[in-house]
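Asker: Predicted structure and sequence below. I'll ask about it afterward.
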Amino acid sequence: MQHTDKYKLDLIEKEDAFSPDALNENTQKVEAALIAHEGAVKEVTDGLDQRVTVLEAKKFAVGTYKIEMDETLNIQVGFTPIALYVGQSWRFFPVHGLILPGDTYIPPFLQIVEGGFTTNIVDGHTGYPGTYHYIAFG
């Protein structure tokens, strides 16, 4: 009886008397290889599941909003940010801000609130009208 080169499975030749032993040995070899493969795959997927869980706990949202004078906006991002960066390139005067929970400005130009943040422009003293971009980190 001959064997395959790589996995050493039994090759039944035409002259061999039929016996289920060779087939049973092949089946047992295949089953053992599948069990070993399942174990190796499980180690990899268990590690990936843990990584995905860690990554899913980290949140961020990116967006744009447009604001005019004497307007207050409540921007919802789906979670309460732990940090918020807002920026606008307005002609020659770039406006940028990094806000952390509890930061307050008088009057409050940016403030982190439950589920997002609020922003406003009061007579141009705390910001400029226009389009702003933000990144909220959770």
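Answerer: Ah, there it is.
Asker: Give me the contacts around the helix or strand bottoming out on mean pLDDT in the chain.
Answerer: In the chain, no helix or strand scores lower on mean pLDDT, DSSP states H and E than strand 95-99, which sits at a mean of 77. Here strand 95-99 makes contact (CB atoms under 8 Å, 6 or more residues apart in numbering) with 83-88, 109-112, 117, 127-128, 132. All C-beta atoms are positioned from the backbone trio N, CA, C, and that covers glycine.
Asker: can you put those residues in a markdown table and add secondary structure and distance to residue 49?
Answerer: Shown next, in a markdown table, are the contacts of strand 95-99 (DSSP: H, G, I helix; E, B strand; the rest coil; distance: CB to CB, whole Å):
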| residue | secondary structure | distance to residue 49 |
| --- | --- | --- |
| 83 | strand | 28 |
| 84 | strand | 30 |
| 85 | strand | 31 |
| 86 | strand | 35 |
| 87 | strand | 36 |
| 88 | strand | 40 |
| 109 | coil | 42 |
| 110 | strand | 37 |
| 111 | strand | 37 |
| 112 | strand | 31 |
| 117 | strand | 32 |
| 127 | coil | 44 |
| 128 | coil | 46 |
| 132 | strand | 38 |
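Asker: In ChimeraX, select just the buried ones from the residues you listed.
Answerer: Filtering the contacts of strand 95-99 down to the buried ones (16 or more other CB atoms under 10 Å) takes a single ChimeraX command:
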select :84,85,86,88,109,110,111,112,117,127,132
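Asker: okay, the contacts of strand 95-99 in a markdown table with pLDDT and distance to residue 103 next?
Answerer: Shown next, in a markdown table, are those (pLDDT from 0 to 100; distance: CB to CB, whole Å):
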| residue | pLDDT | distance to residue 103 |
| --- | --- | --- |
| 83 | 92 | 10 |
| 84 | 92 | 9 |
| 85 | 91 | 12 |
| 86 | 88 | 12 |
| 87 | 86 | 16 |
| 88 | 82 | 18 |
| 109 | 75 | 10 |
| 110 | 80 | 8 |
| 111 | 85 | 7 |
| 112 | 89 | 7 |
| 117 | 90 | 11 |
| 127 | 66 | 15 |
| 128 | 72 | 20 |
| 132 | 88 | 17 |
